[in-house]
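Sequence first, then the predicted structure, then my questions.
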Amino acid sequence: MDKNQLIPSEIASAITKTSNPNIFVNQGDGIQIQQNSGPININVDNVELAKLLLPLFGCRPSENPVTHSVEWASLSQTHYCLFVLENEEYNDGVFSIAKDRALQKYTPREVRNKYHLLSLEDIDELKQMPCIFAKRNMHYKGTEPHHPALVGRICDIVPQGEVIKIYFTGFQAFPQQELNKNTLLLHMASAALRNELDEEHWAIKQCNLIDAFATMNIVIK
(Lines give C-alpha, C1' and ligand atoms only; values in the text may rest on other atoms or scores of the structure.)
Protein backbone atom coordinates (compact mmCIF):
# COMPACT_ATOMS: atom_id res chain seq x y z
CA MET A 1 0.00 0.00 0.00
CA ASP A 2 1.30 3.48 -0.88
CA LYS A 3 2.39 5.15 2.36
CA ASN A 4 0.74 8.37 1.17
CA GLN A 5 -2.62 6.79 0.52
CA LEU A 6 -5.37 8.03 2.82
CA ILE A 7 -6.62 5.32 5.19
CA PRO A 8 -10.41 4.92 4.85
CA SER A 9 -12.26 6.06 7.97
CA GLU A 10 -13.82 2.65 8.61
CA ILE A 11 -10.38 0.97 8.58
CA ALA A 12 -8.95 3.66 10.83
CA SER A 13 -11.86 3.15 13.21
CA ALA A 14 -11.29 -0.61 13.33
CA ILE A 15 -7.59 -0.17 14.00
CA THR A 16 -8.36 2.34 16.73
CA LYS A 17 -10.68 -0.08 18.51
CA THR A 18 -8.42 -3.10 18.27
CA SER A 19 -4.94 -1.74 18.85
CA ASN A 20 -3.39 1.65 19.51
CA PRO A 21 -5.96 4.17 20.84
CA ASN A 22 -4.18 6.96 18.96
CA ILE A 23 -4.07 6.46 15.21
CA PHE A 24 -2.01 8.58 12.86
CA VAL A 25 -3.43 9.05 9.37
CA ASN A 26 -1.03 10.18 6.64
CA GLN A 27 -2.57 12.95 4.56
CA GLY A 28 -0.23 12.52 1.56
CA ASP A 29 2.01 15.55 2.10
CA GLY A 30 4.21 14.22 4.88
CA ILE A 31 2.01 15.71 7.63
CA GLN A 32 0.22 13.25 9.89
CA ILE A 33 -3.07 13.97 11.61
CA GLN A 34 -3.76 12.31 14.95
CA GLN A 35 -7.28 11.62 16.14
CA ASN A 36 -7.19 11.22 19.90
CA SER A 37 -9.38 8.75 21.75
CA GLY A 38 -7.61 9.22 25.07
CA PRO A 39 -5.80 11.91 27.09
CA ILE A 40 -3.53 14.19 25.08
CA ASN A 41 -0.17 15.56 26.16
CA ILE A 42 0.74 19.22 25.70
CA ASN A 43 4.11 20.96 25.65
CA VAL A 44 4.18 23.48 28.52
CA ASP A 45 7.00 25.20 30.39
CA ASN A 46 4.97 26.95 33.11
CA VAL A 47 4.25 24.92 36.27
CA GLU A 48 1.13 26.91 37.16
CA LEU A 49 -0.33 26.47 33.68
CA ALA A 50 0.42 22.76 33.87
CA LYS A 51 -1.77 22.40 36.98
CA LEU A 52 -4.84 23.63 35.09
CA LEU A 53 -4.41 21.67 31.86
CA LEU A 54 -6.21 18.53 33.03
CA PRO A 55 -9.29 20.20 34.62
CA LEU A 56 -9.76 22.71 31.77
CA PHE A 57 -8.69 20.74 28.70
CA GLY A 58 -8.58 17.07 29.66
CA CYS A 59 -4.87 16.99 28.84
CA ARG A 60 -1.62 16.91 30.76
CA PRO A 61 1.94 18.15 30.31
CA SER A 62 4.00 15.89 28.09
CA GLU A 63 6.73 13.91 29.83
CA ASN A 64 8.50 13.62 26.48
CA PRO A 65 7.84 16.87 24.59
CA VAL A 66 7.03 16.49 20.90
CA THR A 67 8.37 18.95 18.35
CA HIS A 68 5.54 20.78 16.56
CA SER A 69 7.54 23.66 15.07
CA VAL A 70 7.66 22.25 11.52
CA GLU A 71 3.96 21.33 11.52
CA TRP A 72 3.09 24.75 12.98
CA ALA A 73 5.03 26.52 10.22
CA SER A 74 3.19 24.45 7.56
CA LEU A 75 -0.27 25.73 8.55
CA SER A 76 -2.24 28.52 6.89
CA GLN A 77 -0.76 32.00 7.15
CA THR A 78 -3.98 33.74 6.07
CA HIS A 79 -6.63 32.41 8.50
CA TYR A 80 -6.95 30.81 11.91
CA CYS A 81 -9.77 29.31 14.00
CA LEU A 82 -10.66 30.62 17.44
CA PHE A 83 -12.68 28.39 19.79
CA VAL A 84 -13.96 29.77 23.11
CA LEU A 85 -15.97 27.36 25.27
CA GLU A 86 -18.04 28.06 28.36
CA ASN A 87 -20.84 25.51 28.75
CA GLU A 88 -19.07 22.75 26.82
CA GLU A 89 -15.85 20.98 27.80
CA TYR A 90 -12.65 20.02 26.04
CA ASN A 91 -12.37 16.32 26.80
CA ASP A 92 -9.54 14.03 25.65
CA GLY A 93 -9.03 15.76 22.32
CA VAL A 94 -12.68 16.28 21.38
CA PHE A 95 -15.44 18.78 22.15
CA SER A 96 -18.80 19.90 20.80
CA ILE A 97 -20.03 23.38 20.00
CA ALA A 98 -23.61 24.39 19.24
CA LYS A 99 -24.25 25.20 15.59
CA ASP A 100 -25.75 28.55 16.55
CA ARG A 101 -22.40 29.44 18.14
CA ALA A 102 -20.34 28.33 15.16
CA LEU A 103 -19.13 30.67 12.39
CA GLN A 104 -21.69 33.35 13.18
CA LYS A 105 -20.50 36.35 15.18
CA TYR A 106 -16.95 37.61 14.85
CA THR A 107 -16.39 35.87 11.50
CA PRO A 108 -16.20 38.02 8.35
CA ARG A 109 -19.26 37.58 6.14
CA GLU A 110 -17.35 36.24 3.14
CA VAL A 111 -15.57 33.68 5.31
CA ARG A 112 -18.84 32.68 7.00
CA ASN A 113 -20.51 32.20 3.62
CA LYS A 114 -17.61 30.09 2.36
CA TYR A 115 -17.45 27.62 5.25
CA HIS A 116 -20.93 27.48 6.81
CA LEU A 117 -21.94 24.29 4.96
CA LEU A 118 -18.88 22.39 6.26
CA SER A 119 -18.47 20.38 3.09
CA LEU A 120 -15.65 17.82 2.88
CA GLU A 121 -13.60 20.39 0.96
CA ASP A 122 -14.30 22.98 3.66
CA ILE A 123 -13.22 20.57 6.40
CA ASP A 124 -9.99 19.77 4.57
CA GLU A 125 -9.20 23.49 4.42
CA LEU A 126 -10.09 24.01 8.10
CA LYS A 127 -7.67 21.23 9.06
CA GLN A 128 -4.89 23.36 7.58
CA MET A 129 -5.66 26.38 9.77
CA PRO A 130 -3.87 26.92 13.08
CA CYS A 131 -6.27 27.07 16.01
CA ILE A 132 -6.56 28.69 19.42
CA PHE A 133 -8.55 26.65 21.95
CA ALA A 134 -9.67 28.71 24.95
CA LYS A 135 -12.10 28.74 27.86
CA ARG A 136 -14.18 31.84 28.59
CA ASN A 137 -12.36 34.62 30.42
CA MET A 138 -12.71 34.51 34.20
CA HIS A 139 -13.32 38.29 34.20
CA TYR A 140 -14.60 40.62 31.49
CA LYS A 141 -11.74 41.49 29.13
CA GLY A 142 -9.29 39.59 31.30
CA THR A 143 -8.52 36.41 33.18
CA GLU A 144 -6.21 35.00 35.84
CA PRO A 145 -2.46 34.88 35.09
CA HIS A 146 -2.32 31.08 35.08
CA HIS A 147 -5.47 30.48 33.02
CA PRO A 148 -4.19 28.41 30.05
CA ALA A 149 -5.17 28.44 26.40
CA LEU A 150 -3.89 26.03 23.76
CA VAL A 151 -2.64 26.36 20.22
CA GLY A 152 -3.03 23.41 17.86
CA ARG A 153 -5.01 22.19 14.89
CA ILE A 154 -8.26 20.43 13.94
CA CYS A 155 -8.10 16.70 13.18
CA ASP A 156 -11.71 16.19 12.12
CA ILE A 157 -15.13 17.89 12.11
CA VAL A 158 -18.37 15.92 12.46
CA PRO A 159 -21.75 17.75 12.40
CA GLN A 160 -24.25 15.94 14.65
CA GLY A 161 -27.77 17.31 14.94
CA GLU A 162 -27.64 20.74 16.62
CA VAL A 163 -23.94 20.52 17.49
CA ILE A 164 -20.63 20.17 15.70
CA LYS A 165 -18.09 17.75 17.12
CA ILE A 166 -14.47 18.87 16.77
CA TYR A 167 -11.53 16.49 17.11
CA PHE A 168 -8.29 18.34 17.76
CA THR A 169 -4.69 18.04 18.81
CA GLY A 170 -2.96 20.61 20.98
CA PHE A 171 0.63 21.65 20.45
CA GLN A 172 1.38 23.96 23.33
CA ALA A 173 -0.15 25.80 26.27
CA PHE A 174 0.33 29.50 27.00
CA PRO A 175 -1.31 32.09 29.30
CA GLN A 176 -4.71 33.16 27.94
CA GLN A 177 -4.08 36.64 29.27
CA GLU A 178 -1.63 37.08 26.37
CA LEU A 179 -4.64 36.92 24.05
CA ASN A 180 -6.49 39.59 26.03
CA LYS A 181 -3.47 41.86 25.74
CA ASN A 182 -3.25 41.42 21.95
CA THR A 183 -6.83 41.43 20.65
CA LEU A 184 -6.02 44.03 17.99
CA LEU A 185 -3.05 42.07 16.67
CA LEU A 186 -5.14 38.87 16.62
CA HIS A 187 -8.15 40.55 14.92
CA MET A 188 -10.38 39.74 17.90
CA ALA A 189 -13.38 41.93 18.67
CA SER A 190 -13.02 44.18 21.68
CA ALA A 191 -15.28 46.86 23.17
CA ALA A 192 -15.19 49.05 26.26
CA LEU A 193 -16.51 46.39 28.64
CA ARG A 194 -15.97 43.07 26.86
CA ASN A 195 -13.95 41.28 24.27
CA GLU A 196 -14.38 38.18 22.14
CA LEU A 197 -12.93 35.86 24.77
CA ASP A 198 -15.91 36.60 27.02
CA GLU A 199 -18.36 34.66 24.83
CA GLU A 200 -18.62 31.02 23.77
CA HIS A 201 -18.22 30.71 20.01
CA TRP A 202 -16.18 29.46 17.05
CA ALA A 203 -14.87 32.10 14.67
CA ILE A 204 -12.49 32.15 11.72
CA LYS A 205 -10.11 35.10 11.61
CA GLN A 206 -8.40 36.58 8.57
CA CYS A 207 -5.05 36.87 10.30
CA ASN A 208 -1.58 35.33 10.13
CA LEU A 209 -1.51 33.64 13.54
CA ILE A 210 2.02 32.35 13.02
CA ASP A 211 3.38 35.88 12.56
CA ALA A 212 1.18 37.22 15.37
CA PHE A 213 2.52 34.66 17.83
CA ALA A 214 6.09 35.49 16.80
CA THR A 215 5.34 39.15 17.55
CA MET A 216 3.91 38.10 20.93
CA ASN A 217 7.06 36.05 21.66
CA ILE A 218 5.08 32.83 21.92
CA VAL A 219 7.35 30.14 20.48
CA ILE A 220 5.82 26.86 19.32
CA LYS A 221 8.47 24.23 19.99
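Arrived safely, thanks for sending.

Could you pull out the helices in this structure for me?
Along the chain, counting by DSSP state H, helices occupy 9-18, 47-57, 69-74, 109-115, 120-126, 177-180, 209-215.

partner residues bridging Tyr167?
Tyr167 has these beta-bridge partners by DSSP bridges: Val94, Asp156.

how deep is it tucked in, by neighbour count?
Look at Tyr167: counted by other CB atoms under 10 Å, it has 19 neighbours. Where you see a C-beta, it was placed from the backbone N, CA and C, and this is true even at glycine.

Looks like it contacts Asn91 (just checking).
No. Contact status for Tyr167 versus Asn91: not in contact, 11.0 Å apart, counting by CB atoms under 8 Å.

that older thread, for the helices of the chain, which one sits closest to Ala203?
Closest of these to Ala203 is helix 109-115, at 8.8 Å (criterion: CB to CB).

packing partners for the closest one?
On a contact count with 3 or more CB pairs under 8 Å, 6 or more residues apart in numbering; DSSP states H and E, helix 109-115 meets helix 120-126, strand 201-205.

Quick check: buried residues in it?
Buried residues in helix 109-115, defined by neighbour count with 16 or more other CB atoms under 10 Å: Arg112, Tyr115.

With stretch 154-161 instead?
Across stretch 154-161, burial judged by 16+ other CB under 10 Å covers Ile154, Cys155, Asp156, Ile157.

Against Lys127, how distant is the second one?
It refers to Cys155. For Cys155, the distance to Lys127 equals 7 Å [CB to CB, to the nearest Å].
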